[in-house]
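Colleague: Give me coordinates for this.
(chains A and B)
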Protein chains: 2
Amino acid sequence: MGLVTPFLQLSFLLAVILLAAKLAGYLAVRLHQPSVLGEMLAGILLGPSLLNLLHLPLIDDAALAETVSQLGQVGVLLLLFLAGLELHIADLRRSLRASALAGTLGAVLSILLGGATGLYFGLGPLPALFLGLTLGASSVSISAQTLLELKSLKSRVGLSLLGAAVFDDVLVIFLLSAFFALTSSSAGWANLLLVFGRMGLFFALALAFGLWLLPWLVKWVRNLPVSQGVLTLAIVVALGYALAAELLGGMAAITGAFLAGLMFARSPEKETLEPRLHALAYGFFVPIFFVNIGLSVDLFSLGGNLELALLVIFSALIGKLAGAGLGGRLAGLTWRESLQLGVGMVPRAEVSLIAGSAGVAAGLLGAREFSALVAMVLACTLAAPPLLRLLFHAPARPVVLNQSKQE
Amino acid sequence: MGLVTPFLQLSFLLAVILLAAKLAGYLAVRLHQPSVLGEMLAGILLGPSLLNLLHLPLIDDAALAETVSQLGQVGVLLLLFLAGLELHIADLRRSLRASALAGTLGAVLSILLGGATGLYFGLGPLPALFLGLTLGASSVSISAQTLLELKSLKSRVGLSLLGAAVFDDVLVIFLLSAFFALTSSSAGWANLLLVFGRMGLFFALALAFGLWLLPWLVKWVRNLPVSQGVLTLAIVVALGYALAAELLGGMAAITGAFLAGLMFARSPEKETLEPRLHALAYGFFVPIFFVNIGLSVDLFSLGGNLELALLVIFSALIGKLAGAGLGGRLAGLTWRESLQLGVGMVPRAEVSLIAGSAGVAAGLLGAREFSALVAMVLACTLAAPPLLRLLFHAPARPVVLNQSKQE
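Modeller: Residues are numbered from 1 along each chain as shown, chains lettered A, B, ... in the order given. Coordinates of the predicted model:
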């Protein structure tokens, strides 16, 4: 039993990743930054830019890196589920106008600026439009985590942010699907209807299950002699909604997980569920997600097309800052709140990268555009937490989320 | 974005496995059986015997099966860590004599009978001894759960049972580790000193760290503004002890995890740690472990060696009934109590299966021996609860372990 088995390799990686995440998160908080920033930077230090953890002599194994990545993806599902769990639909409804306007305008302006950037750098109209589309969708997991740490997720800004994220996910994925349907298929308009129909079907089924069947299920399971029954039910439902969002609705898995959390938020079991899920998420899976973001970044490969990268980053930043900010202002937020909302919408992640890869595969984008997208994701993701920290009046010595639960 | 990515495949597998585990566990409890039996049976139904979940058309992927298996292995580390964490050493000290005698004699007689069975069926001396070793250790969780259901865990028999289960776990894991250390080395007996030196070094370092450094670490971390800091520390320490047990001590990873739990049991943070770890373990990882055991069983391969299976089952039953029963009687229990103790020691689970898998991997056992072990685990787990109910004056409707934690 002295062999270095795959499980021992995984155990070693997990121990290092978890330790690094919590240490770096602690240092970040000491430096008055959100812990999520420290966790991502720890990942960059452990990644190919410095230590190259996933490619150490005894560790180098693609399957292992994939396993770590998948554990992180479970983490982001739990993160969005928790974000949904801590909301009331009534809260979201109050910020519906701000969500719709900020989500739509932030996506539209990002698309337009990205498209203009593409044209300026010599892309044709369709590739330029596609480059714009890749900048459209925010990924709010990082902002949501930051606002949680700043105890502002349930503020008007936080609620608008979560709602706007759903709006722009739906909008941008609809536009991306429409783009492919109209440009690659002879039966374009029929496909467009299909895309729309799938989204509608997913939302209808998700709501029907969540509003009618789920309350009964939770009530049944909570009285069963099953260890951690409600917790496991929540995990299964989160996974199920994530699967349905992608496979049925054609949307992002995290949108499904967020919806699942919203549905559970209506249950009286929410109070006992939340601390258990929090332990599962923040004790194990979520730190792996944030470290893994950094692990996949090679800083040395980002230098090549500085001008394009800078303009793409500029488009992505201004698109959300001005677009989502304007949307918030039109919906009645103060200027300061609108700016906070705009900054919160800045981070991009999986939708940009997945769409970018699809664009490369379809011959719409080249390697230099994709590199610029990666640099943009990195810059936007790293910029948001400290900017948010600056814009909120945080206490001098930050009080961290759930410290009370920790004690 | 409608592609079936590896993560979607994993999400689907996890949702099905968790749902099946809890449903089957519930049905088992309804039928007055330990839930762990239901979870393993669910795995068998999902496995190659019936549904062949891991080899469905869109799922078939060795890396995915490996990921599920590794999640299960994390589960068994958490299970053993929790077993260590929940030990009350003062309680156990009162029944020390009965525990030591019953644990030792039950393990020794099982090993001898199992070894004789192996020899009778034509195995060489070493494989036969190894087959015996796989029958040695009772399952702490199944014994405790059975006794809790009978409201007899605090009786003289119950405390002796808990202590004896620990004794035979430690004894058998020690013997298994020594077996591998001595047989995998070409220098054989000459390396005995090195083997015991490594074990000694591991135990010395594990105790030194656990007794001196760990209390200070826990105290430091609990006051840090880090979300779920103590929980993550516990996971990292469990992984670290597991790694050290294998790589430094040449022993089983679960020995390390169990020791790590024992070390944390001394901390005042134990009270807040236990429910979080319980959520992590029983809400996610542990059910995956038990279902995954079943997933690797092909029932159609069990039928061919009925005689071997029956003799292994007979050895396992008589080994504990007579061995542990005699130990209890020698320590001053009544004949009736000794019989109860012997029956309580009959259930086998993870240690037998893990050792069995390791034996298959090392070429000591073949598929027919492993199938016989699985049949033995099923039979012993199934036989013990009704026998115990017969020997104790049991209430009509069982109260289930951890129901209080569920509420």
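Colleague: Briefly note if the longest helix along chain A comes near chain B.
Modeller: Determined from DSSP state H, the single longest helix within chain A is helix A:156-184. Yes - against chain B, helix A:156-184 shows contacts by CB under 8 Å from any CB of the partner chain at A:173, A:176, A:177. Quick note: C-beta positions are derived from backbone N, CA and C, even for glycine.
Colleague: would JSON lines of those with neighbour count and pLDDT be doable?
Modeller: Listed next are the residues of helix A:156-184 next to chain B as JSON lines, based on neighbours: other CB atoms under 10 Å in any protein chain shown; pLDDT from 0 to 100:
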{"residue": "A:173", "neighbour count": "25", "pLDDT": "78"}
{"residue": "A:176", "neighbour count": "23", "pLDDT": "83"}
{"residue": "A:177", "neighbour count": "21", "pLDDT": "75"}
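Colleague: what about the stretch 201-350 of chain A, any weak spots by pLDDT?
Modeller: A:301-304 (pLDDT under 70).
Colleague: circling back: ok, and for the longest helix of chain A, which residues are buried?
Modeller: Judged by neighbour count (16 or more other CB atoms under 10 Å in any protein chain shown), helix A:156-184 contains these buried residues: A:156-181.
Colleague: Next: stretch A:47-58.
Modeller: Applying 16+ other CB under 10 Å to stretch A:47-58 flags A:47, A:48, A:49, A:53, A:54 as buried.
Colleague: residues contacting the spatially closest residue to the fourth one that is not a sequence neighbour?
Modeller: This means residue A:53. Nearest residue to residue A:53, sequence neighbours excluded (CB to CB, 6 or more residues apart in numbering or on different chains): residue A:46, at 4.3 Å. Taking CB atoms under 8 Å, 6 or more residues apart in numbering or on different chains as the contact definition, residue A:46 lies against A:16, A:17, A:20, A:53, A:291, A:294, A:295.
Colleague: next one: the helix or strand hosting the third one to chain centre, how far?
Modeller: If you go by DSSP states H and E, residue A:20 is part of helix A:6-30. On the basis of CA atoms, centre = their mean, to the nearest Å, helix A:6-30 is displaced by 21 Å from the centre of the chain it belongs to.
Colleague: ok and whatever helix or strand comes next after it relative to helix A:6-30, angle-wise?
Modeller: Using DSSP H and E, the helix or strand that follows helix A:6-30 towards the C-terminus is helix A:35-46. Here the directions of helix A:35-46 and helix A:6-30 differ by 130 degrees (axes from the mean of the first three to the mean of the last three CA atoms, to 10 degrees).
Colleague: who's in contact with residue A:279?
Modeller: Per CB under 8 Å, 6+ apart, neighbours of residue A:279: B:228, B:231, B:275, B:276, B:277, B:279, B:280.
Colleague: Scan those and report the most crowded one.
Modeller: residue B:280 (28 neighbours; other CB atoms under 10 Å in any protein chain shown).
Colleague: So that residue versus residue B:25, what's the distance?
Modeller: Taking CB to CB, to the nearest Å as the measure, residue B:280 falls 17 Å from residue B:25.
Colleague: Please list the residues of the stretch 51-200 of chain A that sit near chain B.
Modeller: A:63, A:66, A:67, A:69, A:70, A:73, A:74, A:77, A:173, A:176, A:177.
Colleague: can you check the stretch 251-400 of chain A too?
Modeller: Residues of the stretch 251-400 of chain A lying near chain B (CB under 8 Å from any CB): A:251-253, A:272, A:275-280, A:282-284, A:287, A:354, A:358, A:398-400.
Colleague: Point out the ones among these that are inside helices.
Modeller: Reading helices off these with DSSP H, I get A:253, A:272, A:275, A:276, A:277, A:278, A:279, A:280, A:287, A:354, A:358.
Colleague: Which helix or which strand is home to residue A:225?
Modeller: Short version, using DSSP H and E: residue A:225 is in no helix or strand.
Colleague: what's around residue A:204, how many residues?
Modeller: Residue A:204: 10 neighbours (other CB under 10 Å).
Colleague: which phi and psi does it have?
Modeller: phi -60, psi -50 (degrees, to the nearest 10).
Colleague: likewise residue A:228?
Modeller: phi 60, psi 40.
Colleague: Distance check, it against residue A:271.
Modeller: Residue A:228 sits 15 Å away from residue A:271, going by CB to CB.
Colleague: Residue A:217 too?
Modeller: According to CB to CB, residue A:217 and residue A:271 sit 17 Å apart.
Colleague: Look at these two and report which has more neighbours.
Modeller: Remark: of residue A:217 and residue A:271, residue A:217 carries more neighbours, 15 against 8, as counted by other CB under 10 Å.
Colleague: Which residues does stretch A:207-224 contact?
Modeller: Stretch A:207-224 is contacted by residues A:229-230, A:233, A:237, A:259-260, A:262-264, A:266-267, A:269, B:26, B:406-407 when judged by CB under 8 Å, 6+ apart.
Colleague: quick one: what helix or strand has the spatially closest residue to residue A:183 that is not a sequence neighbour in it?
Modeller: Once flanking residues are discounted, residue A:183 sits nearest to residue A:126: 6.4 Å by CB to CB, 6+ apart. Using DSSP H and E, residue A:126 sits in helix A:125-134.
Colleague: how about that helix: buried residues?
Modeller: A:127, A:128, A:129, A:130, A:131, A:132, A:133, A:134.
Colleague: What ranges in the stretch 51-200 of chain A fall below the confidence cut-off?
Modeller: Along the stretch 51-200 of chain A, the parts satisfying pLDDT under 70 run over A:57-60, A:184-188.
Colleague: you'd agree residue A:28 is up against residue A:38?
Modeller: Yes - contact criterion CB atoms under 8 Å: residue A:28 and residue A:38 qualify, at 2.9 Å.
Colleague: got the contact list for the closest residue to residue A:253 other than its chain neighbours?
Modeller: Closest residue in space to residue A:253, ignoring its immediate chain neighbours: residue A:242 at 3.9 Å, by CB to CB, 6+ apart. Going by CB under 8 Å, 6+ apart, residue A:242 touches A:77, A:253, A:254, A:256, A:257, A:260, B:11.
Colleague: Can you check what angle separates the host helix or strand of residue A:242 from helix A:156-184?
Modeller: Using DSSP H and E, residue A:242 sits within helix A:229-247. Going by the same axes, to 10 degrees, helix A:229-247 is angled at 40 degrees with respect to helix A:156-184.
Colleague: Distance of the residue of the stretch 1-150 of chain A found nearest chain B relative to residue B:77?
Modeller: At 4.2 Å from chain B, residue A:15 is the closest residue in the stretch 1-150 of chain A, using CB to the nearest CB. Distance of residue A:15 to residue B:77, computed by CB to CB: 11 Å.
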